[in-house]
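Asker: Predicted coordinates and the sequence they were generated for:
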Amino acid sequence: QVQLVESGGGLVQAGGSLRLSCVASGRTLSIYTMGWFRQAPGKEREFVAAISRSGATTWYTDSVKGRFTISRDNAKKTFYLEMNSLKFEDTAVYYCAVSLSGDIFATTSYSYWGQGTQVTVSS
């Protein structure tokens, strides 16, 4: 079992920045690919970013490339999503998740999820 707790969400003006954190407990975090997803009202949950076990490889959805950075600190069992140049369309509940295997871009590949943290970007 893995428990995940996100923090760092909030209200920010367009163009601003936020850093989300996700702290894990339970199984050894370093053996898993970690991901961030988001869900806006009335929309499906969508992939935002993921990071490999070592942190050497990262993936991003096109709409956040160049603005968001995912990172991890396995010793602290924590991973992060640095969000810069935020846009109104980034408004959503953001979830961190653990992938045991499979397509890292698909929600079905993630077995453990946090409770979510709200990010609201005012235009």
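Answerer: Received it, and whenever you're ready, just let me know what you need.

Asker: Break down the chain into its strands, ranges please.
Answerer: 2-7, 10-13, 18-26, 33-39, 46-51, 58-60, 68-73, 78-83, 92-99, 110-113, 117-122 (DSSP state E).

Asker: Please produce TSV containing these, extended by mean pLDDT.
Answerer: Compiled in TSV, those are given as follows (pLDDT from 0 to 100):
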stretch	mean pLDDT
strand 2-7	93
strand 10-13	98
strand 18-26	94
strand 33-39	96
strand 46-51	97
strand 58-60	97
strand 68-73	96
strand 78-83	96
strand 92-99	96
strand 110-113	92
strand 117-122	98
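
Asker: got JSON lines for the ones you listed, with mean neighbour count too?
Answerer: (Each C-beta comes from the backbone N, C-alpha and C, glycine too.) Formatted as JSON lines, the strands of the chain follow (neighbours: other Cβ atoms under 10 Å):
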{"stretch": "strand 2-7", "mean neighbour count": "17"}
{"stretch": "strand 10-13", "mean neighbour count": "13"}
{"stretch": "strand 18-26", "mean neighbour count": "18"}
{"stretch": "strand 33-39", "mean neighbour count": "24"}
{"stretch": "strand 46-51", "mean neighbour count": "22"}
{"stretch": "strand 58-60", "mean neighbour count": "16"}
{"stretch": "strand 68-73", "mean neighbour count": "18"}
{"stretch": "strand 78-83", "mean neighbour count": "22"}
{"stretch": "strand 92-99", "mean neighbour count": "23"}
{"stretch": "strand 110-113", "mean neighbour count": "18"}
{"stretch": "strand 117-122", "mean neighbour count": "17"}
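
Asker: beta partners for the residue nearest the centre of the chain?
Answerer: For the chain, the residue nearest the mean C-alpha position is Trp36 (2.2 Å; Cα atoms, centre = their mean). Counting by DSSP bridges, Trp36 forms beta bridges with Ala49, Cys96.

Asker: what about it, distance to Val93?
Answerer: 11 Å (Cβ to Cβ, to the nearest Å).

Asker: circling back to that earlier point, contacts only, for the residue nearest to the centre of the chain.
Answerer: Taking Cβ atoms under 8 Å, 6 or more residues apart in numbering, we find Trp36 in contact with 20, 22, 48-50, 70, 81, 94-97.
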